[in-house]
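>>> coords below, sequence missing:
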DNA sequence: TCATAAACGAGACGGTACGTCTCGTCTTGTG
DNA sequence: CACAAGACGAGACGTACCGTCTCGTTTATGA
C-alpha cells in the first residue's frame, strides 16, 4: 500500500493530478454513470495520461470507489430542530431531495452495485454509507440527551426505518417520492422507537392518543 | 417487436433455442453475476451459435432483461395462514430466505442496476418486481375480504413497509438479516395499516382496533 | 449435376426466376462490382427468395460466372470493312470503347480475378473471353480468303497483338486509351503478320532499316 | 494521417511489429492469395495481436496494399547486355519467369483487382507497377545514350509493347508463355521504336508484302 | 383435369470474418 | 533515469455475409 504512487511524493503536480482525476471521475459518475465511465475519458477530462490513472489506481473499480469517498464528504448540514421528530423529518426531506436527483441516483446505483470483492472497495462502500448517514447518529444522541430516546437507541435502526422506504422506491419499485412518504416514514421510525408521532392521523381514531 | 426472430415461427428448434439461451443466461446470472456474463459463454452453455443470440436479442442488456423476466416467474407459494399477520410474517420470511442467498443478491443487484434507457428493458424491470411481489396483492385482498383491512388498502404500501428494510440491508447497509427484522417489519407494516400486531405487547393502549 | 433444381422442370416460373436472377446479378456486377454483390441483394433485386438462388447456384462464384456468360453474349457487330486493316481498326475501336466504360472494367476485373478452381467456373471464364474475341476469328478467316493472310494465320495471335496493349493499360498501368493506341496496335498486329500498315508512312521512308 | 499508430514512436517493438505483419501478409498473399488472407491469420503468423493490425491499418485492403508496396521492392537486377535488344530480351525473360510462377500470378491478380477507391490504395497500386517496371526506364535511357533510341523515347511505351502480351496471356487468355512470345514481343517493341530486330525472319523473306 | 413431384418462399440457424471498443500492461524516448 | 505518452495484448461486442436446413405453399407437367 505504501509503495502506491503518489504516497511518497504527495506535493505539487502529484497531488494536483490526484485531485483532478478524482474530480473528473466524480463528474463523469454524476453526469453519465458507471457504465459510461471510461479510464480514457477520465484521463482526458483530468488532462492526465491514462497511464497516470492506471499507476495510481489498480482498477476502474478502485478509482470509482475512491472518487465516491470524496463524493460522500459533500455533506449536508445535520438538522437540529430541537425535537426528534423535527430532526428526522428534516433529515428525510434532505435525503429525498437528494435521491430524487437523477445524478445522485446514478451514484447510489454505482455504490450499490460496486463489486466488493476487494477489501479497499468494501471499505470505501462502508465509508460512503457511513458518511451518508452520519447525521442520524447526531440526531439520535441529541434525542437521548433530551430524554426522547432511551440511552441504548440504535442509530442504525433509526436510519433504517427512516430511509429504507425512500431507497426502496428509488432502487426497486421506482414509485415517486411524494410528501406522504415523509409522514409515513417519520411516523414509522418514531413508532418503532416507541414514540407516538404528532402527525399521526389514523391513530387519532384511538381515543387514548387524543387525550 | 413483431419482426423479431422467433416470433413468427415459435415451434420446434426455435423455441428450444430460446429456452436454452434464457436458461443459460439465468444460470450464469445466478452463478457469476452480470459482469462475468458474456454472450459467448451464454451461447456455449446453450449450445447455440453466438449469432443466434445476437439475432434474437439486440444486446446483452436485453438478453439479461428477458432472462430476468423468466427468473421472476419462478414463484414462491403465496402464504395463506388465515391471518394477515401470519401471511405477512410468512411472506417476509420467504423474501429474507431468498435475498440472503448470494446468487439471488446478484440477481437483485443486476435488476437494480440494469440501465433502463430502453423501453423494453424498463418494462422487464417493472415486470420483474411486479412478479416478485405478486404475493402481496393476494394477501392484501384476502385480508380485505376478512375485514382485516379497509377495501382501499394499497398492496404497494404493504409490501413497501414489509420488504423495504430487508432490501435496504441487503443493498445498502449490508447488516445481517436477523429474526428481529422480521418482527419489526411485520409489526411496522401492520401498524402502518392501523393494526396492532399480536407480537406488540408494549403498544397495549388501543383495544378498539382489535374489534 | 442433373439433380440441380430447374433441370427437371425448366418451364414457367423456374425459367422466369433463373432469368431474373441472372439479370439482377449482371446488373449488380456492372453497377457495383463483384465485392459489393451479395446474394441477398441479388435475390431482392430479382424478387426471389434467397433460398432459390442458393438452390440453383452452388456458390456466389458460380452465380457470377453464370451471369458473366450471359453478359458475354451481348455481342457487338463484327466489322467487315473489306480490308484486314480496316476490320482490325474497327474491332479495336469497339474494344476500346467498351473497356473504357467503368462498368465494363468492373466486369473484366471480375472475370480476371474469378478463382478458377472449379471446373465450371473455368469453363465460364474461357467462354467469356472466347465470346469476347469471337470477331477476330471471322476477320482473320475473311482476310485469309482475300489472300491478305496466309492460311495458317492464328486468330489468337492477331487478337493478342491487337488487344493486349489496351487491356494492359486498363488492368495494369491505368494510362488513358488514346487514339494513338489504336494506330500503334493495329500497325503492330499487321506487322506481326508481315503486313505493312497503310498508316505507316515513316516506315516506308526508311528502306535502310531493312539492310 | 499523422495520428496513425507507429508514426510517433517508430522504434523498437513498433517497427518490429510492422515488419512482421507486412512480411506475414506478403507471405500469405503469395502462398494463398487475397481471398484466403485473414487478419486473424496474419496476426497469428506475425505473432501479434489482431488489434495491433487493426490499429495500424484501417482495413484489410490497406494492409494488403502496404504489403504489396514492400513486395514490389524485391527487385530483380536490371539487365545490361550492351544492346537494347539484348536488354529487352533479358528483361522480358525475367518478367515471364516471374509471372509464370503461380504465387506471383496471385499477387498480380491481387494488385489488379484491388479496389482503388481509397487514395492511399491507389497510390500503392501505382507504386507497385512503377517499381515493377522501373528497369525499363534504365534500359531506355542507356539505349538513348548509345544512340539506339531517339532522346524522346518513352519508357512506358517500350514496357507496354514488351510486357503487354505476356500479361494479357496471364490475366486474360491463359495461353502458355512460350519462348516464341519473347521473340515476338521484343521484335515488336523494337519495331515500334523504328528498329529492325536481328531476329526478324519473316520480314526478310516476304518482300511481296510491300506491294 | 388433376394428382404429384418439383420448385419456391420464408424463417431460422451455424459459422467465419470484420472492425470497434475497452481495460490494463509494457515499452520508448524525452526532459 | 524517471515518467508521460504511445503502443500493445487480450478479449467482448455487434454486424455482415455465406451457405444449410426445415416446413409449408404454389405451380408445372404428364397420366
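Done, it's in. The structure displayed is predicted, hence computed values, not measured ones.
>>> So which residue is smack in the middle of chain A?
Chain A has residue A:132 as the residue nearest its centroid, 3.1 Å off, counting by Cα atoms, centre = their mean.
>>> can you pull the contacts of that one?
Residue A:132 is in contact with residue A:72, counting by Cβ atoms under 8 Å, 6 or more residues apart in numbering or on different chains. All C-beta atoms are positioned from the backbone trio N, CA, C, and that covers glycine.
>>> so how far is DNA strand F from it?
Distance of residue A:132 to DNA strand F, given as Cβ to the nearest atom of the strand, to the nearest Å: 32 Å.
>>> Check what pLDDT that residue gets.
Listed pLDDT for residue A:132 reads 82.
>>> So what's the residue count around residue A:100?
Look at residue A:100: counted by other Cβ atoms under 10 Å in any protein chain shown, it has 14 neighbours.
>>> In this structure it contacts residue A:178, no?
No. Between residue A:100 and residue A:178 no contact is recorded; they are 10.6 Å apart, counting by Cβ atoms under 8 Å.
>>> can you list the residues that contact stretch A:97-113?
Here stretch A:97-113 makes contact (Cβ under 8 Å, 6+ apart) with A:29-34, A:64, A:68, A:71, A:76, A:125, A:128-129, A:166-167, A:170-171, A:177, B:109, B:112-113, B:171-172.
>>> try it again with 6 Å
With contact meaning Cβ atoms under 6 Å, 6 or more residues apart in numbering or on different chains, stretch A:97-113 is reached by A:29-30, A:33-34, A:68, A:128, A:170, A:177, B:109, B:113, B:171.
>>> Kindly report the same for stretch A:185-196.
Against stretch A:185-196 from outside (Cβ under 6 Å, 6+ apart): A:88-89, A:92, A:149, A:158, A:161-162, A:165, A:197, A:200, B:188, B:191.
>>> out of the residues you listed, who's nearest residue B:12?
Closest approach between the contacts of stretch A:185-196 and residue B:12, by Cβ to Cβ: residue A:165, at 47.9 Å.
>>> what about that closest one, distance to chain D?
Separation of residue A:165 from chain D (Cβ to the nearest Cβ, to the nearest Å): 49 Å.
>>> Same check on residue A:110?
Distance of residue A:110 to chain D, given as Cβ to the nearest Cβ: 29 Å.
>>> same thing with residue A:92?
In terms of Cβ to the nearest Cβ, residue A:92 sits 51 Å off from chain D.
>>> quick one: buried residues of the helix or strand hosting that residue?
Assigned by DSSP states H and E, residue A:92 belongs to helix A:84-100. For helix A:84-100, burial by neighbour count (16 or more other Cβ atoms under 10 Å in any protein chain shown) applies to A:84-85, A:87-92, A:95-96, A:98-99.
>>> Then stretch A:50-68?
Residues of stretch A:50-68 classed as buried: A:52-53, A:56-57, A:60-68 (neighbour count, 16+ other Cβ under 10 Å).
>>> How about stretch A:64-81?
For stretch A:64-81, a neighbour-count test (16+ other Cβ under 10 Å) marks A:64-69, A:71-72, A:78-79 as buried.
>>> hmm, stretch A:51-68 touching chain B?
No. Using Cβ under 6 Å from any Cβ of the partner chain, we find that stretch A:51-68 stays clear of chain B, coming within 9.9 Å at best.
>>> Could you break chain A into its assigned domains?
Recorded structural domains for chain A (assignment: automatic domain parsing) are A:13-56, A:68-205.
>>> Flag every residue of chain A that's near chain B.
Going by Cβ under 6 Å from any Cβ, the residues of chain A near chain B are A:109, A:112-113, A:160, A:164-165, A:167-168, A:171-172, A:188, A:191, A:202, A:206, A:208.
>>> Need the buried ones from those residues selected in ChimeraX.
To isolate the buried ones among the residues of chain A next to chain B in ChimeraX, judged by 16+ other Cβ under 10 Å, type:
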select /A:109,112,113,160,164,165,167,168,171,172,188,191,206
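>>> Farthest-apart pair in the residues of chain A next to chain B, please.
The span of these, defined through Cβ to Cβ, is set by A:113 and A:208 at 46.5 Å.
>>> any idea how far residue C:58 is from residue A:16?
Distance of residue A:16 to residue C:58, computed by Cβ to Cβ, to the nearest Å: 68 Å.
>>> what does residue A:27 give?
Using Cβ to Cβ, we find residue A:27 at a distance of 59 Å from residue C:58.
>>> Equivalent analysis for residue A:153, please.
Look at residue A:153 and residue C:58: by Cβ to Cβ, they are 83 Å apart.
>>> residue ranges for the strands of chain A, please.
For chain A, applying DSSP state E gives no strands.
>>> And the helices in it, which stretches?
With DSSP state H as the criterion, chain A has helices at A:13-32, A:39-46, A:50-56, A:60-73, A:84-100, A:102-113, A:119-132, A:134-145, A:155-168, A:179-192, A:207-210.
>>> rewinding a little: for DNA strand E, tell me which of the buried residues of stretch A:50-68 show up nearby.
Among those, the residues that sit close to DNA strand E (Cβ under 7 Å from any atom of the strand) are A:60-61.
>>> With respect to residue A:141, which of the buried residues of stretch A:50-68 is nearest?
Closest to residue A:141, out of all of the buried residues of stretch A:50-68 and judged by Cβ to Cβ, is residue A:68, at 26.3 Å.
>>> Chain neighbours aside, what residue packs nearest to the closest one?
Excluding its sequence neighbours, the residue lying closest to residue A:68 (Cβ to Cβ, 6 or more residues apart in numbering or on different chains) is residue A:128, at 5.2 Å.
>>> Verify the stated contact: the one you found with residue A:67.
No. Applying Cβ atoms under 6 Å, one finds residue A:128 not in contact with residue A:67, separated by 10.3 Å.
>>> Next, count neighbours for residue A:151.
As a burial measure, residue A:151 scores 8 neighbours (other Cβ under 10 Å).
>>> what sits against it?
Residue A:151 makes contact with residue A:144, according to Cβ under 6 Å, 6+ apart.
>>> So it versus residue A:139, what's the distance?
As for residue A:151, its distance to residue A:139 is 15 Å (criterion: Cβ to Cβ).
>>> ok, now residue A:192?
Counting by Cβ to Cβ, the separation of residue A:192 from residue A:139 is 15 Å.
>>> Which of the domains of chain A sits closest to residue C:6?
Among those, domain A:13-56 comes nearest to residue C:6, with 53.4 Å by Cβ to Cβ.
>>> got any ranges where chain A has weak pLDDT?
Scanning chain A with the threshold set as pLDDT under 70 gives A:1-13, A:74-75, A:196-211.
>>> swap the cut-off to 50 and go again
Regions of chain A meeting the criterion pLDDT under 50 cover residues A:1-11, A:200-211.
>>> can you list the residues of it near chain D?
Residues of chain A lying near chain D by Cβ under 6 Å from any Cβ: none.
>>> So residue A:28 is in contact with residue A:38, correct?
No. Checked against Cβ under 6 Å, the pair residue A:28 and residue A:38 is beyond contact range at 8.2 Å.
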